[in-house]
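Participant: Mind folding the following:
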Amino acid sequence: MNAPAATNPVKSAMRTLDVIEYVVANRQGAVAQEIAGALAIPVSSLSYLLGTLVERGYLSRAGRRYLPGPGLERLRAPESAITLEDRVAPLVRALRSELNETSSFMVRRGWEVESLVTEASDHALRYAVDPGTRRPLHALAAGKVLLAWMRPEEQARYFAEAPRQHLTVKTRTEEAALRADFARIGSEGICVAREEATVGICGVAAPVWIDGELVGALSVAVPAVRFDAVMEERIRALLIRSAAAIQGD
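Facilitator: Numbers count the residues shown, from 1 in each chain. Okay, here's the model as predicted:
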């Protein structure tokens, strides 16, 4: 009874590869109806598949015709051409897919943290953050992770220079309180921030290391009404697994 469901993902993968190969083989590109007829794919299914391939850059569109996209060249790019964003984006998407909560990869910009890659939850109640958005380091889970592993002299400069405003009643701004948080983060390898940056939003973040260098943090933002103990433990486990996968590339 379960066999057909088990083969569906394989069939979908084969269709995806068939579409890409068909378009690549046709130098002038191909229209959707031509692809559907040649590959015996229902138009309704093909429309969604083509849209996804265009969105991900594996195909491009010129009028009604579909052509090979820049994503195919990226697959052949030498390692030196692969950006940090390229490396983390699939894992951010996977986090969002598994949790259906807004997932991000964040990097430090001065005394702020910036969202480099973000995939938003499709819940009506969700945390929205656009790529490029910057927030103070001290308030976000990802920012506190980046602070926790700063070199001691850089931490000292941070406390001497950085303004630390109360964004909510739960924002921790005092040096002693933040240093206590850093010690806990260092011990647990993860940070949980409960409504410290935005009222009603809890964040969990884990550091990402590449070749021994801290390059950023993976984070998940969840409305407090959905952030129970079960959800917290699930997010912790997924973040640790995902961060380790990047390190192991």
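
Participant: and stretch 206-216, average pLDDT?
Facilitator: For stretch 206-216, mean pLDDT is 94.

Participant: Compute the first-to-last residue distance for that stretch.
Facilitator: 9 Å (Cα to Cα, to the nearest Å).

Participant: For that stretch, what is the distance to the chain centroid?
Facilitator: 15 Å (Cα atoms, centre = their mean, to the nearest Å).

Participant: burial of V215, as a residue count?
Facilitator: 19 (other Cβ atoms under 10 Å). C-beta coordinates here come from the backbone N, C-alpha and C atoms, glycine included.

Participant: Next, it: secondary structure please.
Facilitator: Following DSSP: H, G, I helix; E, B strand; the rest coil, we place V215 in the strand state.

Participant: Name all residues that make contact with it.
Facilitator: By Cβ atoms under 8 Å, 6 or more residues apart in numbering, the contact set of V215 is 84, 107, 208-209.

Participant: next one: A94
Facilitator: By Cβ under 8 Å, 6+ apart, the neighbours of A94 are S242.

Participant: Sort out which residues of the helix or strand where S103 lies are buried, please.
Facilitator: Using DSSP states H and E, S103 sits in strand 102-109. Neighbour counts over strand 102-109 (16 or more other Cβ atoms under 10 Å) mark 102-108 as buried.

Participant: Please apply the same query to stretch 132-140.
Facilitator: 134-140.

Participant: for this protein, what spans make up the helices?
Facilitator: 3-25, 32-39, 43-55, 70-75, 84-99, 141-148, 152-161, 175-188, 229-247 (DSSP state H).

Participant: Could you dump the ones you listed into TSV and include distance to R61 and mean pLDDT?
Facilitator: Output for the helices of the chain, formatted as TSV (distance: least, Cβ to Cβ, whole Å; pLDDT from 0 to 100):
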stretch	distance to R61	mean pLDDT
helix 3-25	11	74
helix 32-39	10	87
helix 43-55	6	91
helix 70-75	12	83
helix 84-99	21	88
helix 141-148	35	97
helix 152-161	47	96
helix 175-188	45	96
helix 229-247	32	91
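
Participant: deepest of the ones you listed, which one?
Facilitator: With neighbours taken as mean count of other Cβ atoms under 10 Å, those reach their highest mean count in helix 141-148, at a mean of 27.

Participant: Contacts for that one, please.
Facilitator: Residues outside helix 141-148 that contact it (Cβ under 8 Å, 6+ apart): 104, 106, 108, 112-113, 135-138, 155, 158, 178, 181-182, 185-186, 190-193, 196, 203-207, 214, 216-219.

Participant: go with 6 Å
Facilitator: 106, 108, 113, 137, 181-182, 185-186, 191, 193, 203-205, 207, 217, 219 (Cβ atoms under 6 Å, 6 or more residues apart in numbering).

Participant: which of those residues lies closest to L125?
Facilitator: G203 (15.3 Å; Cβ to Cβ).

Participant: From A141, how far out is the closest one?
Facilitator: Distance, G203 to A141, by Cβ to Cβ, to the nearest Å: 4 Å.

Participant: Give the intersection of the neighbour lists for the two.
Facilitator: 193, 219.

Participant: before we move on, back to that, list just the one of the helices of the chain that sits closest to D130.
Facilitator: Short answer: helix 84-99, nearest of the helices of the chain by Cβ to Cβ, at 13.7 Å.
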